[in-house]
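Student: Got a sequence here, can you model it:
(one chain, ligands or ions: 1)
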Amino acid sequence: AMECGMVLTHLKVQPGESIAVKGTVLPDAKSFALNMGRAGSDLALHFNPRFESHGDTRIIICNSLQGGEWGEEQREPDFPFQPGQDAKIGISFDAQELTVALPGEQQLKFPNRLGLEAIEFFTVEGDFRVKSIKFK
Ligand SMILES: CCCO[C@@H]1O[C@H](CO)[C@@H](O[C@@H]2O[C@H](CO)[C@H](O)[C@H](OCc3cn(Cc4ccccc4)nn3)[C@H]2O)[C@H](O)[C@H]1NC(C)=O
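Tutor: Model prediction:
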């Protein structure tokens, strides 16, 4: 898809390190996505909260993209986002899984299907305005 947000490349985020994204969900948000992996067509995690999109309402879709092919979706109905609200999203990973720390102490896990050893590529797309990104 056309990149219409922030694109970070040439990162080298290691297992056990984290990426903390702070920003604001747009007031008329329909959907946003955080994508991370090796490149645009090689994503260990496409993290896609849908407020109202693709026939889904208030659900987080997670998936992987390998060689441009989507894997099996993981659908999380526990939806901690509100349009217009600030949100902090933390990402870390190890050989087994990626962990997404969400508002309200909620945590979401997704298998590391690619066997990703470093996050080199990170994008934010859609109805989320990034205010800060911290690498720890
Ligand atoms: C019921 C039979 C069809 O299943 C549907 O198949 C669709 C096409 O694969 C699924 O939608 C896709 O799900 C993928 C994750 O599994 C991605 O979310 C696909 O979107 C990629 C994408 C990113 N962007 C950039 C972007 C992202 C967010 C906001 C604004 C722009 N534009 N398109 C999105 O088109 C959609 O989630 C899936 N629905 C179900 C219920 O399985």
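Student: switch to C-alpha atoms for all contacts and neighbour counts from now on
Tutor: Will do.
Student: Pull the contacting residues for Ser31.
Tutor: With contact taken as CA atoms under 8 Å, 6 or more residues apart in numbering, Ser31 is in contact with 48-53, 126-127.
Student: tell me which parts of this structure are close to the ligand?
Tutor: For the chain, the residues in contact with the ligand (CA under 6 Å from any ligand atom) are 1, 31-33, 63, 70, 73, 125-126.
Student: which non-adjacent residue is nearest the residue in the chain that the ligand sits nearest to?
Tutor: Relative to the ligand, the nearest point of the chain is Gly126 (3.5 Å; CA to the nearest ligand atom). Residue nearest to Gly126 in three dimensions, not counting chain neighbours: Phe32, with 4.2 Å by CA to CA, 6 or more residues apart in numbering.
Student: residues near that neighbour, how many?
Tutor: 22 (other CA atoms under 10 Å).
Student: didn't it look like it was pressed against Asn48?
Tutor: Yes: counting by CA atoms under 8 Å, Asn48 is a contact partner of Phe32 at 5.7 Å.
Student: Let me see the confidence value for Pro27.
Tutor: Pro27 is assigned a predicted lDDT (pLDDT) of 98.
Student: and it, how many neighbours does it have?
Tutor: For Pro27, using other CA under 10 Å, the count is 12.
Student: quick check, it in a strand?
Tutor: No: Pro27 sits outside any strand when classified using DSSP: H, G, I helix; E, B strand; the rest coil, being coil.
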